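Visitor: mind folding the following:
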Amino acid sequence: MAEEQNGGRPLKREEKVLLGILGLPAFALAFSITMVSTYLSEVARRYTHHTWLIGVIIGGEGVMALWVPMIVGTWSDRLQTRIGGRLPFVIAGSIPAAVAMALIGFVRSLGIVAIVAGVFFAFYFVAYEPYRAMYPDLIDEDEVSGRAQSTQALGRGVGTGLALLGGGLLLSISRPLPFFVAGLVLLGATVAFVLLTLKRVLDVQSRRPRGKGGREPPNISAIAGRVWKLMHEHTALRAYFVANALWEMALAALKAFIVLYLTLGLHYSLATASLIIGGVALVILLGAVVSGKAGDRFGHLRVVRIALWLYGVGYLVPIFTTSKPVIGAAVPFIAIGGGTLMTLAYAVLMPLMPEDQHGALTGYYSMSRGVGIVLGPILAGIAIELTKSGVFTATKGFQAMWIVCAVAAFASMPFLIALRRCSEDREELERR
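Guide: I've put the predicted structure just below:
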């Protein structure tokens, strides 16, 4: 019993090795997507001064998130090959994504930048959803699964932090360099992952009974129909969909234009801006670690509610001032709040899942994120465009980005309250 309270039995040596290997793609995929979503704006602005157009290009990530994960996630459940149903998607997604990533810095027109970025976003999701599903495939025991998810979260956190810190520094040396490096990291991690997991995948595949499967993709309209039915039948799921979309919207707007805000709006050098962003990433990582433990102890919804107030109030400060010390004082609130929401968003969804619909809810979660990722950069780009010649001339309009972030954070609060009421009603029914 004591062992269970302290995280279960000690890990065997081979389990530690497996968890380390499984963390490789999480690191590389987080490194690559963060590099693009944060620093693509710096590449695109060389070809256009229309921030709404830059927002549309970066929002392509959300467009792909709306439908690609639903297809490939379900398809990987059904696909039968000699190396299983997941690994073919990891290979088929990661390699083209790495190539597209490496090309971003070399292209010389906005249209080609948009096309290459779109290709990267599409293949990123082809690889990511089946990769995430490999955890329950390869890890047999429930008492190890929690630490497996922690390893994945650690890989994502390190990848995100290094991309935020190193992207601007590499970009200040050469425009193609950060994207080329990220492409190499993704390609190298994929090759290592495939080679190191192939034997175990083959062993698992040989022990698994062959059922009905196929190579044809699933019917996306049927999948979307199941997700829509879940939303229609469950009030809590509808509230969560909107709340999570708004959380992602705030984060996506921030990532899309934070580099341009710091360099063009506050006149920092690209290298200095990268160091600032890297420092914030460390605070976000700290917030993620602390919030996970706090959520388990005090309740996920309660911790998220507190984080939202920190998040929203922090976003209000840069709207009304360009004072660097004042903005600096607000940044930890934004970082801790953002780290908390990124960590606990899925944990808030898990208790809402109907017992027989866990698979469908994966697509539901991706759709919710996709809506926010599409809207955030586009709305922030439009706000910047509308205010650059009037209200926020001093920062060339980039100050308006914070309005979109703050509105999204505060707008999610009524839906969080609805979630809490649904949770309290469910607990009351269980007590009866």
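Visitor: against residue 95, how distant is residue 395?
Guide: Plainly put, residue 395 is 40 Å away from residue 95 if you go by Cβ to Cβ, to the nearest Å. Quick note: C-beta positions are derived from backbone N, CA and C, even for glycine.
Visitor: more neighbours, these two?
Guide: Per other Cβ atoms under 10 Å, whichever of residue 395 and residue 95 has more neighbours is residue 395, with 22 against 16.
Visitor: so residue 42 is in which element?
Guide: helix 13-44 (DSSP states H and E).
Visitor: for that helix, give the mean pLDDT please.
Guide: Mean pLDDT, helix 13-44: 85.
Visitor: can you give me the helices for the stretch 201-350 of the chain?
Guide: 220-233, 235-260, 270-298, 300-320, 324-349 (DSSP state H, counting those that start in this stretch).
Visitor: export those helices to CSV and tack on mean neighbour count?
Guide: Listed next are the helices of the stretch 201-350 of the chain as CSV, based on neighbours: other Cβ atoms under 10 Å:
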stretch, mean neighbour count
helix 220-233, 14
helix 235-260, 25
helix 270-298, 18
helix 300-320, 20
helix 324-349, 20
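Visitor: as JSON lines, those with distance to residue 161 and mean pLDDT would be great.
Guide: Output for the helices of the stretch 201-350 of the chain, formatted as JSON lines (distance: least, Cβ to Cβ, whole Å; pLDDT from 0 to 100):
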{"stretch": "helix 220-233", "distance to residue 161": "32", "mean pLDDT": "66"}
{"stretch": "helix 235-260", "distance to residue 161": "13", "mean pLDDT": "91"}
{"stretch": "helix 270-298", "distance to residue 161": "4", "mean pLDDT": "79"}
{"stretch": "helix 300-320", "distance to residue 161": "19", "mean pLDDT": "91"}
{"stretch": "helix 324-349", "distance to residue 161": "11", "mean pLDDT": "85"}
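Visitor: got those as CSV, with distance to residue 21 columns?
Guide: Output for the helices of the stretch 201-350 of the chain, formatted as CSV (distance: least, Cβ to Cβ, whole Å):
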stretch, distance to residue 21
helix 220-233, 30
helix 235-260, 29
helix 270-298, 22
helix 300-320, 30
helix 324-349, 23
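Visitor: for residue 19, find the nearest of these.
Guide: Taking Cβ to Cβ, helix 270-298 is the member of the helices of the stretch 201-350 of the chain nearest to residue 19, at 17.1 Å.
Visitor: helices or strands up against the closest one?
Guide: helix 142-173, helix 235-260, helix 300-320, helix 324-349 (3 or more Cβ pairs under 8 Å, 6 or more residues apart in numbering; DSSP states H and E).
Visitor: show residues contacting the third one.
Guide: The list of residues contacting helix 300-320 from outside it, by Cβ atoms under 8 Å, 6 or more residues apart in numbering, reads 250, 287, 291, 294-295, 326-327, 329-334, 336-338, 340-341, 344-345, 347-348, 399, 402-403, 405-406, 409-410, 412-413, 416, 419-420, 423.
Visitor: and it with helix 270-298, angle?
Guide: With axes from the mean of the first three to the mean of the last three Cα atoms, to 10 degrees applied, the angle from helix 300-320 to helix 270-298 works out at 150 degrees.
Visitor: tabulate the helices and strands packed on helix 270-298 (CSV), appending distance to residue 75.
Guide: Formatted as CSV, these follow (distance: least, Cβ to Cβ, whole Å):
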stretch, distance to residue 75
helix 142-173, 22
helix 235-260, 23
helix 300-320, 31
helix 324-349, 22
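Visitor: nearest to residue 190, out of the ones you listed?
Guide: That would be helix 142-173 among the helices and strands packed on helix 270-298, by Cβ to Cβ, at 13.5 Å.
Visitor: of the helices and strands packed on helix 270-298, which approaches residue 47 most closely?
Guide: helix 235-260 (13.7 Å).
Visitor: residue 378 is nearest to which of the helices and strands packed on helix 270-298?
Guide: Among the helices and strands packed on helix 270-298, helix 235-260 sits nearest to residue 378 (Cβ to Cβ), with 8.8 Å.
Visitor: from the rest of the structure, what touches the helix or strand containing residue 95?
Guide: Element membership for residue 95 (DSSP H and E) is helix 87-103. The contact list for helix 87-103, computed with Cβ under 8 Å, 6+ apart, reads 25, 28-29, 32, 35-36, 72, 75-76, 79, 81, 116-117, 119-120, 123-131, 134, 176, 179-180, 182-184, 186-187, 189-190, 193-194, 197-198, 201.
Visitor: what's the ChimeraX line that selects buried ones from those residues?
Guide: Buried residues within those, by 16 or more other Cβ atoms under 10 Å, are selected in ChimeraX with:
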select :25,28,29,32,35,36,72,75,76,79,116,117,119,120,123,124,125,126,127,128,129,130,131,134,176,179,180,182,183,186,187,189,190,193,194,197,201
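Visitor: who touches residue 63 in this structure?
Guide: Residues near residue 63 by Cβ under 8 Å, 6+ apart: 121, 370, 374.
Visitor: which member of these is positioned nearest residue 256?
Guide: Looking across the contacts of residue 63 and measuring by Cβ to Cβ, the closest to residue 256 is residue 374, at 11.1 Å.
Visitor: and the closest one, how many neighbours?
Guide: 25.
Visitor: list the contacts for it?
Guide: Neighbouring residues of residue 374 by Cβ under 8 Å, 6+ apart: 59, 62, 63, 66.
Visitor: buried sites along the helix or strand where the second one lies?
Guide: Assigned by DSSP H and E, residue 62 belongs to helix 60-78. Burial within helix 60-78, assessed by neighbour count using 16+ other Cβ under 10 Å, is assigned to 60-76.
Visitor: just the CA coordinates for that helix, please, in PDB.
Guide: C-alpha atoms of helix 60-78 as PDB (Å, rounded to 0.1, in the frame of the first residue of the first chain):
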ATOM      1  CA  GLY A  60      -3.100  26.200 -40.600                       C
ATOM      2  CA  GLU A  61      -2.000  24.100 -37.700                       C
ATOM      3  CA  GLY A  62      -5.500  24.300 -36.200                       C
ATOM      4  CA  VAL A  63      -7.100  23.500 -39.600                       C
ATOM      5  CA  MET A  64      -5.100  20.200 -39.700                       C
ATOM      6  CA  ALA A  65      -5.900  19.500 -36.000                       C
ATOM      7  CA  LEU A  66      -9.600  19.600 -36.800                       C
ATOM      8  CA  TRP A  67      -9.600  16.500 -39.000                       C
ATOM      9  CA  VAL A  68      -6.300  14.800 -39.400                       C
ATOM     10  CA  PRO A  69      -6.100  13.300 -35.800                       C
ATOM     11  CA  MET A  70      -9.600  11.900 -36.100                       C
ATOM     12  CA  ILE A  71      -8.800  10.100 -39.300                       C
ATOM     13  CA  VAL A  72      -5.300   8.700 -38.500                       C
ATOM     14  CA  GLY A  73      -6.100   8.000 -34.900                       C
ATOM     15  CA  THR A  74      -9.000   5.700 -35.800                       C
ATOM     16  CA  TRP A  75      -7.200   4.400 -38.900                       C
ATOM     17  CA  SER A  76      -4.300   3.300 -36.800                       C
ATOM     18  CA  ASP A  77      -6.600   1.200 -34.600                       C
ATOM     19  CA  ARG A  78      -7.800  -0.700 -37.700                       C
END
